[in-house]
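> Quick one, structure for this:
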Amino acid sequence: MEMRRLGRSGLKVSALGFGAMTFGGKPDDPFGRIGTTDGAEAESMVGRCLDAGINLFDTANTYSDGRSEEILGRALGSRRHEAVIATKGFNRIGPGPNDVGASRGYIVRACEASLRRLGCDYIDLYQMHCFDGLTSQEETVRALDDLVRAGKVRYLGVSNYAGWHLMKGLAVADRLGGTRYVSQQIKYSLLTRDAENELVPLGLEEGVGILVWGALESGILSGKYRSGSPEPGETRLPGGPQLSDTERERCDAVLDTLTEIASARGLSLGSAAIAWLLRKPGVSSVLVGARTPEQLDQNLAAAQSPLDDEEVQRLDKVSETPWIYPYQIYKTYAGERNPYYMRGEVYRHWRER
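Numbering: from 1, shown residues only. This is a model prediction of the structure:
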C-alpha cells in the first residue's frame, strides 16, 4: 500500500483509508441502512485492512451515536499503534443549545468523549465535521490548539468547509501561533467535481492534504443504479438516485467509460472510480467503506491497479463540468497565468511545482 504525506505535515497515511461509518448501525436508526458491522466481523475487517497496509481509520462522534468509535477502538485493540485514528466533532450530541458546533465548550467535551469511546489516550487526527458560522474562528482554533498542546490530539483537520472558511482558519492559526489544519475531508468523485474550483487548489497551495469521502456516490459509481437495471435490494439510496435527465445522461456516460476501463483491467467499477481519484493532485487518501469482506477486497484492488494517463484523461473528459465564475474567466481570458484552470495542464503544472 502506497503511503502519502498528509498535506505538508510529517504524518504519512495510506493511499486508501477505511471509513468506519458502517460500524454500529441499528435497524431502527438512519445508520442501519449504511452498515451494521460489529464484534468479530469488525475485528476481521480492521485486521484485513491493517494486513493490507491501510493505516488510516476514519470515524466520527455521531456515527451510530458513538458506537462506530467504540467498535473501531475495540477492533484495533493491541494494534492501535499501527493505526492513524481520525475522528470528528461538530454534529449534535444532545438536545441542549451547546450540544452542537465548534465552540470551546463543545470541542473539549466532544473530544474527551471520543477518547473514552475509542479507548485511547490520544487521537491522531481530530477534525471539525462542518463549519460553525456562529463561533469565531479564533475560539475554534484556540480550543483545538489547546487539545494538541495537552497531548490529546496530534493533528487537526476540517471537513465540509468552504474554501474561504478553511483559508480564514489557516490565517487565524498563523496569526495566533496555533496549530494549522493539515487536512480537509471533502466530497469528491467522478460525479462531484465541485472541489476542483477552490478546495483542491487551496489544498495544493497551502499544503492541506485531501481526504476523500463519497468516492462511489452512495453506490452509483459501483453500477448498481444503472439505467434500465432492476433496483437493487437494501441500499443507501432507497428508490435509487434522484437525477435530472441531464444528470442521468452524464452519469450513464461516465459509467460507460468506467465500464470499459474497469473491464480491461479486471476491476470492479467502484475500484476503477477510486483509482481515478488516487491520480488526482493533492489527494492524500481516499476513504473506502465496506459492508462485507467482498466489498472491502474490491475496494482494496484500486490501490494495486493505478490508472495510466490516457485512462485518467478519458474519465476527466467524460465527467467534465463547466468551470463556474470566476474560474471560467481565468480559463478563458487568463489561462497563461492560471494553469490550474486549464484542466489538461493541471497534472503537469502541479507536478512541476
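> contacts, neighbours, all on C-alpha from now
Noted.
> Tell me where the model's unsure across this structure.
Applying pLDDT under 70 to the chain picks out residues 226-240, 242, 343-353.
> 90 instead?
Along the chain, the model assigns pLDDT under 90 to residues 26-36, 218-219, 222-249, 289-305, 321-323, 331-332, 334-353.
> all strands for it, in order.
Assigned strands in the chain, in chain order: 3-5, 12-14, 16-19, 56-58, 84-89, 123-128, 153-159, 181-187, 209-213, 283-288 (criterion: DSSP state E).
> so which of those strands comes closest to Gly169?
strand 181-187 (8.0 Å; C-alpha to C-alpha).
> Strand 209-213 and that closest one, what's the angle between them?
Angle of strand 181-187 versus strand 209-213, following axes from the mean of the first three to the mean of the last three C-alpha atoms, to 10 degrees, is 30 degrees.
> Dump strand 181-187 to PDB, restricted to CA.
Taking C-alpha atoms only, strand 181-187 is exported to PDB below (Å, rounded to 0.1, in the frame of the first residue of the first chain):
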ATOM      1  CA  TYR A 181      -5.100  22.300   9.800                       C
ATOM      2  CA  VAL A 182      -3.200  19.600   7.800                       C
ATOM      3  CA  SER A 183      -6.200  18.000   6.100                       C
ATOM      4  CA  GLN A 184      -9.600  18.600   4.600                       C
ATOM      5  CA  GLN A 185     -12.100  15.800   4.200                       C
ATOM      6  CA  ILE A 186     -14.200  16.600   1.100                       C
ATOM      7  CA  LYS A 187     -16.700  15.000  -1.200                       C
END
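> can you give me the angle that strand makes with strand 153-159?
40 degrees.
> so what strands line up beside strand 181-187?
The sheet places strand 181-187 alongside strand 153-159 (parallel), strand 209-213 (parallel), with pairing taken from DSSP bridges.
> Kindly present those as TSV, with separate columns for distance to Gly24 and mean neighbour count.
TSV is the format used below for the strands paired with strand 181-187 (distance: least, C-alpha to C-alpha, whole Å; neighbours: other C-alpha atoms under 10 Å):
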stretch	distance to Gly24	mean neighbour count
strand 153-159	22	22
strand 209-213	19	25
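> between those, which gets nearest to Tyr330?
When the strands paired with strand 181-187 are compared (using C-alpha to C-alpha), the closest one is strand 209-213, at 23.5 Å.
> Can you list the neighbours in contact with that closest one?
Strand 209-213 is contacted by residues 5-8, 182-188, 200, 203, 282-288 when judged by C-alpha atoms under 8 Å, 6 or more residues apart in numbering.
> before we move on, back to that, among the strands of the chain, which comes closest to Gln328?
Across the strands of the chain, closest to Gln328 is strand 181-187 (C-alpha to C-alpha), at 21.6 Å.
> for the closest one, the distance to its chain's centre please.
7 Å (C-alpha atoms, centre = their mean, to the nearest Å).
> Compute the inter-axis angle for that strand and strand 123-128.
Inter-element angle recorded for strand 181-187 and strand 123-128: 60 degrees (by the same axes, to 10 degrees).
> for the chain, what's the longest helix?
Criterion DSSP state H: the longest helix present in the chain is helix 245-265.
> quick one: buried residues of stretch 72-92?
72-76, 80, 83-92 (16 or more other C-alpha atoms under 10 Å).
> now stretch 164-179
Applying 16+ other C-alpha under 10 Å to stretch 164-179 flags 166-167, 169-170, 172-173, 178-179 as buried.
> Residues in contact with that stretch: which ones?
Counting by C-alpha under 8 Å, 6+ apart, residues outside stretch 164-179 touching it are 131, 137-138, 141-142, 144-145, 148, 155-156, 158, 180-181, 202.
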